[in-house]
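Trainee: The sequence isn't on hand, but the structure is:
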């Protein structure tokens, strides 16, 4: 069973009688569809619809929630949530000693009664499970802890093959819309829920079909260059590489420009490496039939 322990991630705790109503009114995802034992992606947006903070959220007891996020943004995330709290009966805190671990693969099932586990819904049913606690759980306790730490590279390679992007590794916070990083595809945006911060822009992109920047899976003829390398076809920039693992990586690109290049058989390159770009096989969007659509 592959597993990894993340030293760069932590947990924000949101609890209290108003916790669900409070979060439902500001976050992108629909908490009515968040079941016990599930970890779903979501974001807190700017009023202009850009992602300020990304996270995985799961239920923690009767009226509590865990928001798993990057440790380096946790303090700013907490401050932003505090600004929105107003008179809501909500308690907010960062779990300084929280352990975040992950296991994946067909044998990653955990006890359904173990409330510290949550299934990562961005992947197939039962494929990925995340562990939250104050101590390393079995099988992550010593002497296995070092293997878990070393497993982070394997984890990133695994999520790359599934087309799952994360901030920091694949895009900068404040620079991407939810559609750009496939939150509309992974259940990270609730299109049937009420208003939330940035909702008007996100809804307009959805209903008008104007999303043109998307995460694609890049495959190279040889090892891919460093993250951030520009992707080019016919002298025109398509986007840039994100996470890289050997010959494979993620890329956020203009899919209309990719379609143009494919239609005329232009080589697509990242640095000096020829690459292929593919839509993740679970995604429902397609390459546009007409290129040149304007971004929001």
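Mentor: Ah, there it is. What you see is a predicted model; the values in this text were computed from it and never measured.

Trainee: Identify each of the strands in the stretch 51-200 of the chain and give its residue range.
Mentor: 51-59, 65-70, 91-95, 99-104, 117-120, 128-133 (DSSP state E, counting those that start in this stretch).

Trainee: And residue 54, how far from residue 103?
Mentor: Remark: distance between residue 54 and residue 103 (CB to CB, to the nearest Å) = 21 Å. C-beta here means a position set from N, CA and C on the backbone, and glycine is covered the same way.

Trainee: how many other residues sit next to the residue nearest to residue 185 when sequence neighbours are not counted?
Mentor: Spatial nearest neighbour of residue 185, chain neighbours left out: residue 283 (5.0 Å); criterion: CB to CB, 6 or more residues apart in numbering. Using other CB atoms under 10 Å, residue 283 has 17 neighbouring residues.

Trainee: With residue 224 instead?
Mentor: Neighbours of residue 224 under the rule other CB under 10 Å: 23.

Trainee: Next, residue 166: phi, psi?
Mentor: Backbone geometry at residue 166, expressed as degrees, to the nearest 10, gives phi -140, psi 150.

Trainee: so it touches residue 56, yeah?
Mentor: No. Using CB atoms under 8 Å as the test, residue 166 is too far from residue 56 to be in contact (9.7 Å).

Trainee: Same drill for the two, tell me which one is more crowded.
Mentor: Neighbours per residue (other CB under 10 Å) separate residue 166 from residue 56, with residue 56 holding more: 24 against 19.

Trainee: what's across from that one in the sheet?
Mentor: Assessed by DSSP bridges, residue 56 has beta-bridge partners residue 41, residue 68.

Trainee: Can you tell me how far it is from residue 81?
Mentor: Here residue 56 is placed at a distance of 16 Å from residue 81 (CB to CB).

Trainee: Residue 239 too?
Mentor: 31 Å.

Trainee: between these two, which one's more packed in?
Mentor: residue 239 (23 against 20).

Trainee: mind listing what that one touches?
Mentor: If you count contacts by CB atoms under 8 Å, 6 or more residues apart in numbering, residue 239 has them with 213, 230, 231, 251, 252, 253, 254.

Trainee: swap in residue 254?
Mentor: Neighbouring residues of residue 254 by CB under 8 Å, 6+ apart: 212, 213, 238, 239.
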